[in-house]
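Peer 1: I'd like to go over a predicted model; first the sequence, then the structure.
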Amino acid sequence: MSHNKSTKNRSGSSEAKELIKGEEVQLQLDMVDSEEENEMYAVLDYDFLEEDEKEPEEMPPLAHFLYKSTEPGDRILREWIGTILPSLIEQLSDVNAKGMSHRKALTLLNIESQKDVDKTLQARIDKLVHLADQSLLTHILNGTMATWVIVKLCNLSEEEQRLFLVGYALHDLNKMEGQDLRLDSENSEDYVTALEKWAEKLNIWQFLDRSYQYDVAFLAQNAEAKRGENRTLANYKELKTSSDLLEDLSEFVRLADLLATPALVSRPEDLLTAKSRKILDLLRRLLQGRYRVAYHKTSENRGRLTQIIHNHVIQEAIKAKWKPFLFFAEGVTYLVPQEGKEPVIDNLAQSIRQELLDKLKGQAGSLISRAGIGFKFPTSFVELLPPELAGQVMSSRVMQVISEKKTPVTEQRKEKMVLAQDSGLVLDLNFPASLIADRLAEGCFALSKLLAHYYTGKSNNYQIYGEKLVRALEMEKHLPYWKAIPYTGGVGYPWFYVAGHYAKKNPGLSPEQTEEILNKAYKDVLEECGVPETKPPFAFLEPYLSNVLTVESGKVVDQKNQWDFENELELYTKNKALRSGKRVCAICNSPFSNVEEFSIFTNKKIVGWKVPSGRGICDLCQTENLLRRTGMNSTIKEQDDAVFLHLYPAYFFTPITARAISQIYNKLHNVTFSELRKPYEQSHGQLKKLCNHDIFKLTKPEDNRSIKKIAYSMGERHGYHMVGIPYMGRDPTDTERWSMPVLLALFTPVLLGVKVYASRSPIPVYRSGTEFRETVLLDSPHSFWQHGMAKSVFRLDELSLAFDGAMALYEITSDAYRDSRNFPVWNQLNSICRAVESDPLIIFYYADRIATNQRGGGNVTTTRGMNTTMAERLLKAYERITTYYEEILRWEGKIKWP
């Protein structure tokens, strides 16, 4: 469609429509501003599949969840997902649309050696290599799902919807075929042949009648406005659709291609920058100016806290009738009706604070543990929770830990209970051992420490507030004994004495009644002493939000001046300045106040200066740690034993893909090597065909092998996810910790169309996937990987060969080394990878060991050499490993053997 034409009214059948001219004509839009639609936009995890509705069978997991995430009214899109998308996944999930390795660029330009490259060719190679990775599947999926939002607003007929979906699916036919093709008088036969070939591969004619072949060709070849367009109607023999309508539909195909181009759209603000002027013009023309573009973003990605901030802004935006359009790791782009209001974010910090308190009230108890001398809590527990809420959480945790299944310890405490010398008192130990006494004793001891921390800053000043708790329990007559009994070894013996007599006086108390008694006594002490002068919970929220959050409505951004230099310089100076007498946060080095935290590592010890050398952690990082631990329901040790996969979109999600990825995330299960190996063999060693198998058991019921992931609330949507992959065994070594995560890191981008950063740290290093070109980054993987694979950064086109080579090494390890339970000994990856690094022929050495394991044990030296099957198997493994080395590593100069 030319820029002076308006979009036609599409309320009838496609053939009956005529193009209505004049910019003053209002397009009949399907604009539903009801509360029901707002609720729909607020829901992310909703399953739109009706109970009695059947979905197509044997769909890949990604297609399965996209189908379930599509609204029932989108019948044509569902049919496209069920018919065409599975073939797209199988054919194009590892094919480059944008970005590639240096090796791939040389191959694409038919260059045999780097020696043959001149300056002109080098410029072309650099341009290809410097583009960020994106698979052709993701390119098609992003463009389709993003433009589908516009298609619905423009009320296209079903026939037009089919033409758009097929035209865009085939718009990169040249990349699919690997050669330049054009439908013109000279090369029409080649183009038609390629079109037919890929139409069969992708089941196109099951979705659209074959008679539309040339209509599809017109749309596919006119995804670009100038370069590459082919609008000569004489080149298309049999068009069923009018030329005006095809011109009109080509605008939707062009919009999809532009939206899915990372160079144009990879951040929330990109649609309002000068480089995306073409996209804005298309949106205004197609929507007749009824919508404008807005966005919100954060300048950093902290993880869980940033996700909560995003979702609160989304909720306020939806209240103002902003429609979420594109989801990025650092924010969201919206379509805003012209009558839409500005979102109210004045109380954003308070609403986030309340959500944090609500979350921690139910889950912060997991931070409290019971040791031999009683309950203990981290500093962050006190720093972040208000006094009254902290007391409630502590009392509840005491009841939870000292359950009815526990054996009372009161009798043991009585045996070691003594009075201080010269007290002049005689102990009355005539009270029975009971769980009531245990709960009261340990609960009061913990609450006294909690009160001391709030009022004095140190929990070891607990005796002052312990005395007040005794009075609040109306046990004053036992107060002299409470004072005279020492805390031998740090055990709260005085409290067991008072609690024993309280339980004797009030027998038969239930855990609920005991918890109520503790809460009342604690509250009475708070009222007596007055509310402690502490900063409000999460006091950093107001200054933090003002620094990192941007909400922009409709103004075009000048990229040269979009940063506030003075503000950025001030923040940088605060972060980097030496602060005399103040700790520096060992995690983020932020200017927020911080406290000493023993569990936080730092090497920022300044010799000969006044800065304390203790480990510091700021309020912001404390909050993030707290949210992560409670959200994952994991201990510090469990987090230490996991390798985390940080999943970034390439480079955005749409409302539909965000729902699908969220459902997939919530259903992820852990995977063993055997569960990965069998379907990979069934896929004939092709990584993209492995996507047809439910490796992560996404469609299976929940089992006990869950991975570490955030428990999100219904309705949350995200442009970033983080998954912890623990080793499924006790006390893993570093080799065992890294064994499965590195394989899953190579597989996940092909399965879900995302970019992956794998690290032992749960803290996201990158704000978004835009900050690195590659598809997979492995942050300091174990040395076995460095020896065996010699590479920790992978482009998309390298994943298939890398995964195949790694699987060969793992298969040899699994077959050659087994423990007494017949499980693979993954620690042997070290020795095998080191040996293969020196000479891949060493794999034939393991034939005897593999044969012994196949026989079920025995002496390794008793075998009689390799049979034909074994020889073929090891030869194939050798070929897979050497192919990876030759294709990926040799040109990088990383091969040490001739």
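Peer 2: Sure thing, it's come through. Since the structure is predicted, the reported quantities are computational estimates derived from the model, not experimental observations.

Peer 1: now the stretch 551-700 of the chain, which segments are flagged as low pLDDT?
Peer 2: 554-564, 571-572, 574-584, 591-592, 594-615, 635-638 (pLDDT under 70).

Peer 1: which residues of it fall in strands?
Peer 2: 594-596, 616-618, 642-649 (DSSP state E, counting those that start in this stretch).

Peer 1: I'd like to know which of the ones you listed lies nearest to residue 317.
Peer 2: Residue 317 lies closest, by C-beta to C-beta, to one member of the strands of the stretch 551-700 of the chain: strand 642-649, at 19.2 Å. Every residue, glycine included, has its C-beta placed from N, CA and C.

Peer 1: Can you dump the C-alpha atoms of that closest one in PDB for me?
Peer 2: Provided in PDB are the C-alpha atoms of strand 642-649 (Å, rounded to 0.1, in the frame of the first residue of the first chain):
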ATOM      1  CA  ALA A 642      22.600 -25.100  41.100                       C
ATOM      2  CA  VAL A 643      23.700 -23.700  37.800                       C
ATOM      3  CA  PHE A 644      21.300 -21.000  36.600                       C
ATOM      4  CA  LEU A 645      20.000 -20.500  33.100                       C
ATOM      5  CA  HIS A 646      19.000 -16.900  32.500                       C
ATOM      6  CA  LEU A 647      16.500 -16.800  29.600                       C
ATOM      7  CA  TYR A 648      16.200 -13.700  27.500                       C
ATOM      8  CA  PRO A 649      13.800 -13.300  24.500                       C
END
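
Peer 1: Please list the residues outside that strand that contact it.
Peer 2: Residues outside strand 642-649 that contact it (C-beta atoms under 8 Å, 6 or more residues apart in numbering): 327-329, 634, 657, 661, 665, 707-708, 719-726, 737-738, 741-742, 744-745, 748, 752-762, 764-766, 768-769.

Peer 1: go again using 7 Å as the cut-off
Peer 2: Residues outside strand 642-649 that contact it (C-beta atoms under 7 Å, 6 or more residues apart in numbering) are 329, 708, 719-726, 737-738, 741, 744-745, 748, 754-762, 764, 768-769.

Peer 1: Likewise for stretch 254-269?
Peer 2: 98, 131-132, 134, 139, 142-144, 146-147, 150, 168, 171, 223-225, 270-271, 275-276, 278-279, 282, 286, 295-297, 328, 330-333, 552, 557, 651-652, 770.

Peer 1: Among those, which are located in helices?
Peer 2: When DSSP state H is applied, the contacts of stretch 254-269 are split such that 139, 142-144, 146-147, 150, 168, 278-279, 282, 286 fall in helices.

Peer 1: quick one: least confident of the residues you listed?
Peer 2: By pLDDT, residue 278 ranks lowest within the ones in helices among the contacts of stretch 254-269, coming in at 91.

Peer 1: list the contacts for that one?
Peer 2: So residue 278 contacts residue 258 (C-beta under 7 Å, 6+ apart).

Peer 1: go on, residue 163?
Peer 2: Here residue 163 is in contact with 212, 215, 219, 241, 249 (C-beta under 7 Å, 6+ apart).

Peer 1: what about the second one, is that helix, strand or coil?
Peer 2: Looking back up the chat, that one is residue 215. Following DSSP: H, G, I helix; E, B strand; the rest coil, residue 215 is assigned to helix.

Peer 1: now the one 3 residues further on
Peer 2: Applying three-state DSSP to residue 218 yields a three-state assignment of helix.

Peer 1: Give me the distance between it and residue 233.
Peer 2: 8 Å (C-beta to C-beta, to the nearest Å).

Peer 1: Just want to know which of those two has more residues nearby.
Peer 2: Using other C-beta atoms under 10 Å, the more surrounded residue of residue 218 and residue 233 is residue 218, with 26 against 11.

Peer 1: correct me, but the more buried one touches residue 236?
Peer 2: Yes - the pair residue 218 / residue 236 is scored as a contact, 5.5 Å apart, by C-beta atoms under 7 Å.

Peer 1: Can I get the strands of the stretch 551-700 of the chain in CSV including distance to residue 378?
Peer 2: Formatted as CSV, those follow (distance: least, C-beta to C-beta, whole Å):
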stretch, distance to residue 378
strand 594-596, 10
strand 616-618, 10
strand 642-649, 19
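
Peer 1: Figure out which of these is closest to residue 828.
Peer 2: Among these, the nearest to residue 828 by C-beta to C-beta is strand 642-649 (19.1 Å).

Peer 1: Direction included, what does the closest one pair against?
Peer 2: strand 721-726 (antiparallel), strand 754-759 (antiparallel) (DSSP bridges).

Peer 1: Let me see the residues that make contact with the last one.
Peer 2: Think strand 754-759. Residues from elsewhere that reach strand 754-759 (C-beta under 7 Å, 6+ apart): 643-650, 741-742, 745, 748-749, 765-766, 769, 775-779.

Peer 1: partner residues bridging the residue lying closest to residue 777 once chain neighbours are set aside?
Peer 2: Counting by C-beta to C-beta, 6 or more residues apart in numbering, residue 777 lies nearest to residue 757, which is 4.7 Å off, once chain neighbours are set aside. Beta-bridge pairing for residue 757 (DSSP bridges): residue 646, residue 777.

Peer 1: What is the neighbour count of residue 757?
Peer 2: 23.

Peer 1: and the longest helix seen in the chain, what other elements does it pack with?
Peer 2: If you go by DSSP H, the chain has its longest helix at helix 435-456. Counting contacts by 3 or more C-beta pairs under 7 Å, 6 or more residues apart in numbering; DSSP states H and E, helix 435-456 is packed against strand 374-376, helix 379-384, helix 387-401, helix 462-472, helix 493-505, helix 511-529.

Peer 1: Quick one, which of these gets closest to residue 432.
Peer 2: For the helices and strands packed on helix 435-456, the distance to residue 432 is smallest for helix 493-505, at 6.8 Å, taking C-beta to C-beta.

Peer 1: Quick check: which helices or strands does that closest one pack against?
Peer 2: For helix 493-505, the packing partners by 3+ C-beta pairs under 7 Å, 6+ apart are helix 410-415, helix 435-456, helix 479-484.

Peer 1: Can you tell me how far the residue nearest the centre of the chain is from residue 734?
Peer 2: The residue lying closest to the centre of the chain (C-alpha atoms, centre = their mean) is residue 721, at 1.0 Å. Using C-beta to C-beta, residue 721 is found at 25 Å from residue 734.

Peer 1: Same question for residue 496.
Peer 2: According to C-beta to C-beta, residue 496 stands 44 Å off from residue 734.

Peer 1: Residue 247 too?
Peer 2: Applying C-beta to C-beta, the value for residue 247 to residue 734 is 60 Å.

Peer 1: try residue 295
Peer 2: Counting by C-beta to C-beta, the gap from residue 295 to residue 734 is 42 Å.

Peer 1: likewise residue 209?
Peer 2: 58 Å.

Peer 1: List phi and psi for the residue sitting furthest away from the middle of the chain.
Peer 2: Distance to the chain centre peaks in the chain at residue 424, reaching 64.6 Å (criterion: C-alpha atoms, centre = their mean). For residue 424, the backbone dihedrals (degrees, to the nearest 10) come out as phi 70, psi 20.
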